[in-house]
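> sequence-free structure coming up:
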């Protein structure tokens, strides 16, 4: 029994015509050795095809890198270099994750949590900034200067007649002695 | 010709030696004559108008320079130092305000950047005793309430139109006091005394009653010759007793709640207890009096500063300004946001480092500005300090244990 030999690789490559191909298939049906050899050839051919599909990009990248080390032209733009390094753009469908019961809720919850935290910080900061600018919170009485008493004292000091302040109260010294003029 | 009439330029002019010799030859004897004079002459010794005769100058100068000196001196007024006559008149005026019995009406007008204020008061004074003052409703500050005071020991600087013994001393120390001649004020003959600044500008004029030396009128000018206060004492009647028309009532204690005036040494010692007691303030103001009082909110310290004309009272009290000050409005003075009492804005107040400062001033606006500028003020808090203070305050609000 004559095996296929070189015709086997031609069959795998699709180079045999109709009669030759029928005879080759008939032989493969009855010959275990040729079927095994044909399967090995197909596997090898697929591996080579897979390798050849990546080879152009890597070869182009290699050529670019070699060109950069030489005294040649200017460097390519950064964006273009990055695009080259990341390989060819995918033109097929984007691979999406199937939506599950937890996959859609976790990001939304985190988003709300982040939004609430930022709002709290901004609100607290605004309130602290506003409150912090309204004078020191140091202990001590809160005083409204008694203008009447001070005016009388000032007039005596300056050798002039005493007079009243804007409230129109008495200019006398005694009534203002107890005017603590404080606020709790 | 302007240079001859301008006191400032006159002082800075470089005169040749013969002219200066003639000037000194005339000025020195003239000064000695004025100092030795004990009677109120009618010839004024106004520093800007005093002239000497050509004959006197010519006789004093050498023969070779006589003609030149005569021409110069006859046109250039001579600036004289303070006259003893003017000093004596002011001293008599300060004493007369206390020792003379009188009744009169005092009108005090102040002109500031925020407008003018007028105060009209009736005054009854008994020699060495009580003074009753009643502010009339016609003034800006209408009270009608009498103010009763007495000064039997002379410790309090009571006076008329700001002429007190202490202020006269300061006036003579800070200004050139000269006799200005005879005049009239309030239908009474008066002697005029003038106070001049070192730069040759007129600072004040006093009209003193010829018979009693009571102050009848005072005008105060700023360095730009603008009137900043004009006080008159009119309808003056001399009386040995308080007339029946005088109002009764009012506090008998002239000092009110205040202590007697504290000496400068005792005032400066208050620094050790945390009080701010600057010995001087801008504008040539010196610390000359002070007192303390007790209120329900603590001790109040009053410090009086003056140069003899301007009077600034600085009140200090520990604490902080109330959140809302009725009758006060925010103003910016010397770059600081403080509060001014309505309506005349003579009273200024702010708090800094746990102390409330209140300034009452009868002084030029520039002096008030400088005084407020040198006193303590809290700097605006930075961002982080403000935030930390605000957070601490917010935390204290929600703290259940406070």
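On my side now, so go ahead. Keep in mind the model is a prediction, meaning the values are calculated, not measured.
> Next, residue B:193: phi, psi?
Backbone torsions of residue B:193, given as degrees, to the nearest 10, read phi -120, psi 140.
> which other helices and strands contact the longest helix anywhere in chain A?
The residue-count maximum for a helix in chain A (DSSP state H) belongs to helix A:32-69. Judged by 3 or more CB pairs under 8 Å, 6 or more residues apart in numbering or on different chains; DSSP states H and E, helix A:32-69 is in contact with helix A:6-13, helix A:18-30, helix A:78-85. To be clear about C-beta, it is placed using only N, CA and C from the backbone, and glycine gets the same treatment.
> Please identify the deepest-packed of those helices.
Comparing the helices and strands packed on helix A:32-69 by mean neighbour count (mean count of other CB atoms under 10 Å in any protein chain shown), helix A:6-13 ranks first with a mean of 16.
> Which parts of the stretch 251-400 of chain B are helices?
Here the stretch 251-400 of chain B has its helices, by DSSP state H, counting those that start in this stretch, at B:264-269, B:365-374, B:383-398.
> how's chain B carved up into domains?
B:2-75, B:84-238, B:264-374 (automatic domain parsing).
> State the mean pLDDT of the second one.
So the one you mean is domain B:84-238. The average pLDDT for domain B:84-238 rounds to 81.
> Now do the end-to-end distance for it.
Domain B:84-238 has an end-to-end distance of 27 Å (CA to CA, to the nearest Å).
> re earlier: in the longest helix of chain A, what counts as buried?
A:34, A:37, A:38 (16 or more other CB atoms under 10 Å in any protein chain shown).
> Export those residues as a markdown table, with columns for pLDDT.
Listed next are the buried residues of helix A:32-69 as a markdown table, based on pLDDT from 0 to 100:
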| residue | pLDDT |
| --- | --- |
| A:34 | 88 |
| A:37 | 88 |
| A:38 | 88 |
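> Tell me the one of those residues nearest chain B?
Using CB to the nearest CB, the shortest approach to chain B within the buried residues of helix A:32-69 belongs to residue A:38, at 80.5 Å.
> The closest one against residue A:13, yeah?
No - with contacts counted by CB atoms under 8 Å, residue A:38 stays clear of residue A:13, the gap being 11.4 Å.
> Give me the residue ranges of the stretch 251-400 of chain B where confidence is low.
B:251-256 (pLDDT under 70).
> 50 instead, please
Low-confidence regions of the stretch 251-400 of chain B, defined by pLDDT under 50, span residues B:252-255.
> any chance you could map the strands in it?
Under the criterion DSSP state E, counting those that start in this stretch, the stretch 251-400 of chain B carries strands at the ranges B:280-281, B:285-295, B:298-306, B:311-318, B:320-321, B:328-333, B:336-341, B:347-352, B:355-362.
> Redo those strands as a markdown table? Include mean neighbour count and distance to residue A:115.
Formatted as a markdown table, the strands of the stretch 251-400 of chain B follow (neighbours: other CB atoms under 10 Å in any protein chain shown; distance: least, CB to CB, whole Å):
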| stretch | mean neighbour count | distance to residue A:115 |
| --- | --- | --- |
| strand B:280-281 | 18 | 58 |
| strand B:285-295 | 20 | 54 |
| strand B:298-306 | 24 | 51 |
| strand B:311-318 | 23 | 48 |
| strand B:320-321 | 22 | 40 |
| strand B:328-333 | 14 | 40 |
| strand B:336-341 | 19 | 39 |
| strand B:347-352 | 23 | 42 |
| strand B:355-362 | 25 | 46 |
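> Compare these and report which one is nearest to residue A:143.
Ranking the strands of the stretch 251-400 of chain B by their distance to residue A:143 (criterion: CB to CB) puts strand B:355-362 first, at 4.9 Å.
> The closest one to strand B:336-341, inter-axis angle?
Comparing the axes of strand B:355-362 and strand B:336-341 via axes from the mean of the first three to the mean of the last three CA atoms, to 10 degrees yields an angle of 60 degrees.
> Relative to strand B:355-362, what are the paired strands and their orientations?
According to DSSP bridges, strand B:355-362 forms sheet pairs with strand B:311-318 (antiparallel), strand B:347-352 (antiparallel).
> Give me the contact list for the shortest one.
Applying CB atoms under 8 Å, 6 or more residues apart in numbering or on different chains, the set of residues contacting strand B:347-352 from outside is A:135, A:143, A:145, A:147, A:150-151, A:165, B:319-321, B:325, B:328, B:331, B:333, B:336-341, B:356-361, B:368, B:372, B:375-378.
> Measure how that strand sits relative to strand B:328-333, angle-wise.
With the same axes, to 10 degrees as the basis, strand B:347-352 and strand B:328-333 are set at 80 degrees to each other.
> which helices and strands does the helix or strand harbouring residue B:219 pack with?
Assignment of secondary structure by DSSP states H and E places residue B:219 within strand B:215-221. For strand B:215-221, the helices and strands in contact under the criterion 3+ CB pairs under 8 Å, 6+ apart are strand B:188-196, strand B:202-209, strand B:227-238.
> between those strands, which one is nearest to residue A:67?
Go through the helices and strands packed on strand B:215-221 one by one with CB to CB and the one that ends up closest to residue A:67 is strand B:227-238, at 87.9 Å.
> mind listing what the closest one pairs with, with the direction of each?
Sheet pairing here is set by DSSP bridges, and for strand B:227-238 it gives strand B:102-112 (antiparallel), strand B:215-221 (antiparallel).
> any low-confidence regions in chain A?
For chain A, counting by pLDDT under 50, the residues that fall below are A:81, A:90-92, A:95, A:163-184.
> looking at the helices and strands packed on strand B:215-221, which is buried most?
Among these - counting mean count of other CB under 10 Å - the highest mean neighbour count belongs to strand B:202-209, which has a mean of 24.
> can you give me the angle that one makes with strand B:227-238?
Here strand B:202-209 points in a direction 10 degrees away from that of strand B:227-238 (the same axes, to 10 degrees).
> how far off strand B:188-196 does strand B:202-209 point, in degrees?
Computed by the same axes, to 10 degrees, the angle between strand B:202-209 and strand B:188-196 is 160 degrees.
> Who are the packing partners of strand B:202-209?
Packed on strand B:202-209, when contacts are counted by 3+ CB pairs under 8 Å, 6+ apart, are helix B:84-99, strand B:176-185, strand B:188-196, strand B:215-221.
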